[in-house]
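> With the input below, show me the fold.
(one chain, ligands or ions: 1)
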Amino acid sequence: MNATASQDTTTPAGYGPGTALVVVDVQHDFASPDGGLYVPGGDAVVPAVDTEVRAARDAGATVIYTQDWHPPVTPHFAKDGGVWPVHCVADTWGAELHRDLTVDGPVVRKGVDGGDGYSGFSVRDPVSGEEEATELGSLLTDAGVDRVVVVGLAGDVCVKATALDAQRLGFAVEVPLTTTAFVELEPGDGDRTVEELRAAGVRITARGPSAAQA
Ligand SMILES: [Zn+2]
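Below is the predicted model of the structure:
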């Protein structure tokens, strides 16, 4: 199935072996109301994402997860000079992938060595600013996919950065709006993100590809 063939947002193409579903940071700290950096609406995203995971697996698509995974002290956190409340500290409940999420595929961790940055494809050294690739790019290349569906949290931060990188790397990229939620550090960030993704060539759909296979 060729994802670029149709721009019709009401009838998304389904999953198949040429597609990868990238599940970004569906972790308790982002998706649970009592999490450290709860994204409003994040709890509603979990079942929507899980539906996509199961449809993707049933259709033979690749499923890859990212997991924000920070040391207790990192310039990523406001208390240490960054912008975010403490979240996804390694080996805590908040950093676990959400209990209601089906996990069946490789998990790519980001931030492990205190690295900053939002994309699932890279980590940035907070001191030198140097970027280093994670294994996500090679996992996708090895899977032989040409289309990437990006879902999860937060839509205006890590989902956005991951989708833009995937687009730059030459994949056909889709972001279904029912499978993400926006943290809106600045009011309007959600709308601006949708515009930015569209301008970059990312296909914004209302529902995920599972809708085409229902
Ligand atoms: Zn983080």
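
> buried residues in stretch 194-204?
For stretch 194-204, a neighbour-count test (16 or more other C-beta atoms under 10 Å) marks 194, 197, 202, 203, 204 as buried. All C-beta atoms are positioned from the backbone trio N, CA, C, and that covers glycine.

> Go through the residues you listed and flag which are in strands.
203, 204 (DSSP state E).

> What is the nearest of the buried residues of stretch 194-204 to residue 212?
Residue 212 lies nearest to residue 203 out of the buried residues of stretch 194-204, by C-beta to C-beta, at 13.1 Å.

> Show the residue spans covered by the helices in this protein.
28-31, 42-58, 136-143, 158-168, 189-200, 210-213 (DSSP state H).

> need the contact list for residue 160.
For residue 160, the contacting residues are 118, 193, 196, 197, by C-beta atoms under 8 Å, 6 or more residues apart in numbering.

> In this structure, mark out all the strands, start to finish.
Going by DSSP E, the chain shows strands at 19-24, 62-68, 107-110, 122-124, 131-133, 147-152, 172-176, 203-205.

> Mind putting the ones you listed into JSON lines with distance to residue 213 and mean pLDDT?
Formatted as JSON lines, the strands of the chain follow (distance: least, C-beta to C-beta, whole Å; pLDDT from 0 to 100):
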{"stretch": "strand 19-24", "distance to residue 213": "11", "mean pLDDT": "98"}
{"stretch": "strand 62-68", "distance to residue 213": "15", "mean pLDDT": "97"}
{"stretch": "strand 107-110", "distance to residue 213": "25", "mean pLDDT": "95"}
{"stretch": "strand 122-124", "distance to residue 213": "32", "mean pLDDT": "87"}
{"stretch": "strand 131-133", "distance to residue 213": "32", "mean pLDDT": "89"}
{"stretch": "strand 147-152", "distance to residue 213": "12", "mean pLDDT": "98"}
{"stretch": "strand 172-176", "distance to residue 213": "13", "mean pLDDT": "97"}
{"stretch": "strand 203-205", "distance to residue 213": "14", "mean pLDDT": "96"}
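
> Let me know which of those strands is the nearest to residue 81.
strand 122-124 (14.6 Å).

> remind me which residues of the protein are low pLDDT?
Scanning the chain for pLDDT under 70 picks out 1-12, 214.

> Report the central residue of it.
With distances taken as C-alpha atoms, centre = their mean, the residue of the chain nearest its centroid is residue 24 (2.5 Å).

> Test my guess that that one contacts residue 66.
Yes - counting by C-beta atoms under 8 Å, residue 24 does reach residue 66; the two are 5.0 Å apart.

> what do these two both touch?
Contacts common to residue 24 and residue 66, judged by C-beta under 8 Å, 6+ apart, are 120, 152, 158, 162.

> so which of the residues you listed would you say is closest to residue 32?
So of the shared contacts of residue 24 and residue 66, ranked by how close each gets to residue 32 (C-beta to C-beta), first place is residue 152, at 13.8 Å.

> need the contact list for the closest one.
Contacts for residue 152 (C-beta under 8 Å, 6+ apart) come out as 22, 23, 24, 25, 26, 45, 49, 66, 158, 159, 179, 180.

> Who does the last one form a beta bridge with?
When you say that, I think you mean residue 180. Applying DSSP bridges to residue 180 gives these bridge partners: residue 152.
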